[in-house]
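Asks: give me the fold of what follows.
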Amino acid sequence: MLKGLSNLLEIFCEIDDFCNATDLLIQTLLLLTDGKYSAPRGPECGLVNSEIMTILVLYHMSGFKHFKIFYEAIILKSLRAEFPQAPSYARFIVLTKRAWMPLTMFMASKFGKKTGLYYIDTSKLAVCDNRRINRHKVFRALAERGKTTMGWFFGFKLHIVFNDLREIVAVRITPGNVDDRKPVRELTKDLVGKLFGDKGYIGKELAQDLLKRGLVLMTRVKKNMKSLPMSMVDKALLNGRNIVETIIGHIKEYSSLRLPKHRSVPNAMTHLIAALVAYQINPLTPAPMPIALPQ
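Replies: Residues are numbered from 1 along each chain as shown. Down below sits the predicted model:
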């Protein structure tokens, strides 16, 4: 059975309960523009927000690489009884942007526990091939050129903090030219304990600022730097930091998180949030600690 369909009812009920609890706030935020309410345009949609959100999350759990194929083969055929009011593919694409705000709020409601042990990493989200940067239009006003260890790219950066249970604790999206260290203070503002990152987060001022509010930043050092004393447990935790890259790779690949195929910024961001929600609903199973922590 297609992944996600076995617990379709559970996923929908959880999303629908959330939407019912926050419906007034969501509708107000969606309709309120510069202090004035704008009347909805076009024919009335047969799908409620929770159904739109469920369809998007199911797609990012399904393993399909193309949304049109998934929607027409699964939603309009296999799941027609579950979504009897589902419109045509073209009409659904128009409706997708309606799910952005409730999906973002739902994602925030499912952030993981504050365990005291956290991992941080940044991943590039390229919006086009470097050879097409000058011709790119969709994200031109938002995306920027950035550089990673793999080279230059044009797009955004996805900054994620996980706890040791492999749950997402915080997320930020920035233009590609933003330094990896810049969003760290905001991302971790409510966290205390230990934060493990790669060499891109090395910074004396950043480490001191985090330490003042109870968060110890631990990274590997560069060749020309002197390493600081570290316990065996902390070394084991730092060595386990590569699981973050595995998780992000899992989200990007399995959820078909490919921005270049999108022709609309709102829809692209909605799919990005849906991919993160899909992981929150079905996260990777935590692995046992490499070294037992002292009681």
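Asks: can you map out the strands along the stretch 1-150 of the chain?
Replies: 32-33, 36-37, 117-126, 144-148 (DSSP state E, counting those that start in this stretch).
Asks: mean neighbour count, the ones you listed: which tops it?
Replies: strand 117-126 (a mean of 22; mean count of other C-beta atoms under 10 Å). All C-beta atoms are positioned from the backbone trio N, CA, C, and that covers glycine.
Asks: by contact count, what packs against it?
Replies: Under the contact definition 3 or more C-beta pairs under 8 Å, 6 or more residues apart in numbering; DSSP states H and E, strand 117-126 sits against strand 151-163, strand 193-197, helix 242-254.
Asks: buried residues in the helix or strand following the last one, which are they?
Replies: Using DSSP states H and E, the helix or strand that directly follows helix 242-254 along the chain is helix 265-281. The neighbour-count criterion (16 or more other C-beta atoms under 10 Å) identifies 265, 267-281 as the buried residues of helix 265-281.
Asks: now swap in stretch 130-143 and tell me
Replies: Neighbour counts over stretch 130-143 (16+ other C-beta under 10 Å) mark 133, 138, 139, 143 as buried.
Asks: quick revisit: now the strands of the stretch 1-150 of the chain as CSV including mean pLDDT?
Replies: Formatted as CSV, the strands of the stretch 1-150 of the chain follow (pLDDT from 0 to 100):
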stretch, mean pLDDT
strand 32-33, 52
strand 36-37, 42
strand 117-126, 92
strand 144-148, 90
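Asks: those: which one's closest to residue 240?
Replies: Nearest of these to residue 240, taken as C-beta to C-beta: strand 117-126 at 8.0 Å.
Asks: give me the distance from the closest one to the chain's centre.
Replies: Strand 117-126 sits 10 Å away from the centroid of its parent chain (C-alpha atoms, centre = their mean, to the nearest Å).
Asks: what's the answer for stretch 179-187, then?
Replies: 16 Å.
Asks: returning to that earlier point: dump the helices and strands packed on strand 117-126 to JSON lines, plus mean pLDDT and distance to residue 83.
Replies: Below are the helices and strands packed on strand 117-126 laid out as JSON lines (pLDDT from 0 to 100; distance: least, C-beta to C-beta, whole Å):
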{"stretch": "strand 151-163", "mean pLDDT": "93", "distance to residue 83": "30"}
{"stretch": "strand 193-197", "mean pLDDT": "94", "distance to residue 83": "42"}
{"stretch": "helix 242-254", "mean pLDDT": "82", "distance to residue 83": "23"}
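Asks: let's have those in a markdown table, adding mean neighbour count and distance to residue 107.
Replies: Putting these into a markdown table (neighbours: other C-beta atoms under 10 Å; distance: least, C-beta to C-beta, whole Å) gives the following:
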| stretch | mean neighbour count | distance to residue 107 |
| --- | --- | --- |
| strand 151-163 | 21 | 12 |
| strand 193-197 | 21 | 21 |
| helix 242-254 | 16 | 12 |
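Asks: look up how far residue 218 lies from residue 144.
Replies: Taking C-beta to C-beta, to the nearest Å as the measure, residue 144 falls 29 Å from residue 218.
Asks: cool, residue 203 as well?
Replies: Counting by C-beta to C-beta - residue 203 and residue 218 are separated by 13 Å.
Asks: domain map for this protein?
Replies: Taking automatic domain parsing as the criterion, the chain consists of the domains 8-109, 117-260.
Asks: residue ranges with poor pLDDT in the stretch 151-295 of the chain?
Replies: 222-229, 256, 260, 287-295 (pLDDT under 70).
Asks: now with 50, please.
Replies: Along the stretch 151-295 of the chain, the parts satisfying pLDDT under 50 run over 290-295.
Asks: out of the helices and strands packed on strand 117-126, nearest to residue 186?
Replies: strand 151-163 (9.4 Å).
Asks: and the next element down the chain from the closest one?
Replies: strand 168-175.
Asks: note down every partner strand of that following strand and its orientation.
Replies: Strand 168-175 has its sheet partners listed here by DSSP bridges as strand 151-163 (antiparallel).
Asks: ok, now how distant is the closest residue to residue 96 other than its chain neighbours from residue 87?
Replies: Ranked by C-beta to C-beta, 6 or more residues apart in numbering and with sequence neighbours excluded, the top spatial neighbour of residue 96 is residue 267, at 4.8 Å. Residue 267 sits 15 Å away from residue 87 when distances are taken as C-beta to C-beta.
Asks: cool, residue 144 as well?
Replies: 36 Å.
Asks: contacts only, for the closest residue to residue 194 other than its chain neighbours.
Replies: Nearest in space to residue 194, with sequence neighbours left out and distances taken as C-beta to C-beta, 6+ apart, is residue 216 at 4.9 Å. Residues counted as contacts of residue 216 (C-beta atoms under 8 Å, 6 or more residues apart in numbering) are 193, 194, 195, 210.
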